[in-house]
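Trainee: Mind folding the following:
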Amino acid sequence: MKITIVTVLIVFFACLIVKESKAQEFINYQVKVVTDSLGTQKGTLEKISAEGVAINDGYGNYLIIKSKNIISIRLKKKGTTTSQGLLYGTVSGAAIGSLAFLDNGIASDDQLVGFLAITTLGAVVGTTYGLIAELRSNKLMLRINKDPQVFASEYQKLEKYSKAFYIDKP
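Mentor: Numbering: from 1, shown residues only. Purely as a prediction, here's the structure:
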């Protein structure tokens with residue numbers, strides 16, 4: 001029984017650690033464009049030029065935003081969020097803490113305290129991991145303030161994160 005639970009835990013942690021490889025790097029990034037007329041738009045950066053940006057919002061909508069309407073652009077790498085870290089840590093802590101009950105079928109007070117302590121520790125570690133992952137995921141922030149000249153000088157920083165950069169390569 002212990003071997004089965006340990007095997008399940010190892011497989012669970014392996015699934016958390018192993019990342020799916022992507023052929024195109026732009027899929028791993030989310031762009032958030034704050035505009036004066038459309039509000040905040042999130043999605044994958046399809047194309048960028050000196051005139052503006054094109055975004056796919058993930059629901060089949062293709063948005064074209066001109067540089068004169070852009071207030072700011074934030075690029076963020078997709079990854080683990082704080083809530084996901086909390087979930088992973090709590091589940092892992094509860095799974096490891098449940099090993100305390102494998103000695104015998106009846107739970108004593110010491111085993112219950114150990115279970116709660118390990119579950120709490122797992123939740124704290126998972127939340128910390130999620131916070132750090134979220135802080136590290138912020139890649140780039142451009143403040144345009146509806147100025148086409150500022151956008152024209154700054155948009156090259158975002159080109160390598162666009163779909164067109166990968167598709168239009170010679």
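
Trainee: going forward, measure contacts and count neighbours with C-alpha atoms only.
Mentor: Will do.

Trainee: and the nearest residue to Ile64 once chain neighbours are set aside, bridged to which residues?
Mentor: Once flanking residues are discounted, Ile64 sits nearest to Ala54: 4.4 Å by Cα to Cα, 6 or more residues apart in numbering. For Ala54, the beta-bridge partners under DSSP bridges are Lys47, Ile64.

Trainee: Next up, the contacts around Ala54.
Mentor: Ala54 makes contacts with Leu45, Glu46, Lys47, Ile48, Tyr62, Leu63, Ile64, Ile65, as judged by Cα atoms under 8 Å, 6 or more residues apart in numbering.

Trainee: what residue ranges in the protein score low on pLDDT?
Mentor: 1-27, 79-81, 97-107, 137-138, 168-170 (pLDDT under 70).

Trainee: Is Leu112 in a helix, a strand, or coil?
Mentor: For Leu112, the assignment made with DSSP: H, G, I helix; E, B strand; the rest coil gives helix.

Trainee: Now do it against Ile118, distance only.
Mentor: 10 Å (Cα to Cα, to the nearest Å).

Trainee: go on, Val33?
Mentor: Applying Cα to Cα, the value for Val33 to Ile118 is 41 Å.

Trainee: Would you confirm that Ser83 contacts Val124?
Mentor: No. Checked against Cα atoms under 8 Å, the pair Ser83 and Val124 is beyond contact range at 11.4 Å.

Trainee: more crowded one of the two?
Mentor: Val124 (17 against 13; other Cα atoms under 10 Å).

Trainee: what comes up buried for the helix or strand harbouring that one?
Mentor: Using DSSP states H and E, Val124 sits within helix 109-137. Within helix 109-137, the residues scored as buried using 16 or more other Cα atoms under 10 Å are 111, 114-116, 118-131, 133-134, 137.
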